[in-house]
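Trainee: predicted coordinates and the sequence they were generated for:
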Amino acid sequence: MKSSQRLSDLRALSPDQLGEELLNLKKEQFNLRFQRATGQLENVARVREVRRDIARVRTLQRQKTLQAAQG
């Protein structure tokens, strides 16, 4: 249920906002990798969540690009 709500929130964003969201997620992913390498990461499941959120954003960007090209 949590991911479907997240997906509906992401679908409401414009392509520019999706780009900003992707940038924020990439920064978070870097920070999480850094924390894991130094042994400071407490919530290891967050790495997986961020990776999947990045995939969701990229998928939505691609869908919006294809819709713009068709219509």
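Mentor: That came in fine, so what should we check first? Please read all numbers here as calculations on a predicted model, not as lab measurements. Numbering: from 1, shown residues only.
Trainee: list the buried residues for the lowest-mean-pLDDT helix or strand in the chain?
Mentor: Ranked by mean pLDDT, DSSP states H and E, the weakest helix or strand in the chain is helix 2-11, scoring a mean of 85. Under the neighbour-count criterion of 16 or more other Cβ atoms under 10 Å, helix 2-11 has Leu10 buried. In short, each C-beta sits where N, CA and C put it, glycine included.
Trainee: next SSE after it?
Mentor: helix 15-38 (DSSP states H and E).
Trainee: that following helix vs helix 2-11, what angle?
Mentor: Following axes from the mean of the first three to the mean of the last three Cα atoms, to 10 degrees, one obtains 140 degrees for the angle between helix 15-38 and helix 2-11.
Trainee: what is the orientation angle of the lengthiest helix in the chain with helix 2-11?
Mentor: When the chain is parsed with DSSP state H, its longest helix is helix 45-70. Here helix 45-70 runs at an angle of 40 degrees relative to helix 2-11 (the same axes, to 10 degrees).
Trainee: show the average pLDDT along helix 45-70.
Mentor: Here helix 45-70 scores 96 as its mean pLDDT.
Trainee: list the helices and strands it packs on?
Mentor: Helices and strands touching helix 45-70, by 3 or more Cβ pairs under 8 Å, 6 or more residues apart in numbering; DSSP states H and E, are helix 2-11, helix 15-38.
Trainee: flag every buried residue along that helix.
Mentor: Buried residues in helix 45-70, defined by neighbour count with 16+ other Cβ under 10 Å: 47, 49-50, 53-54, 56-57, 60-61.
Trainee: also stretch 11-26?
Mentor: By 16+ other Cβ under 10 Å, the buried positions in stretch 11-26 come out as 13, 18, 21-22, 25.
Trainee: can I get those in CSV including distance to Gly71 and pLDDT?
Mentor: Output for the buried residues of stretch 11-26, formatted as CSV (distance: Cβ to Cβ, whole Å; pLDDT from 0 to 100):
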residue, distance to Gly71, pLDDT
Leu13, 19, 93
Leu18, 18, 96
Glu21, 23, 96
Leu22, 23, 97
Leu25, 28, 97
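Trainee: would TSV of those with distance to Gln70 be doable?
Mentor: Listed next are the buried residues of stretch 11-26 as TSV, based on distance: Cβ to Cβ, whole Å:
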residue	distance to Gln70
Leu13	20
Leu18	18
Glu21	24
Leu22	23
Leu25	27
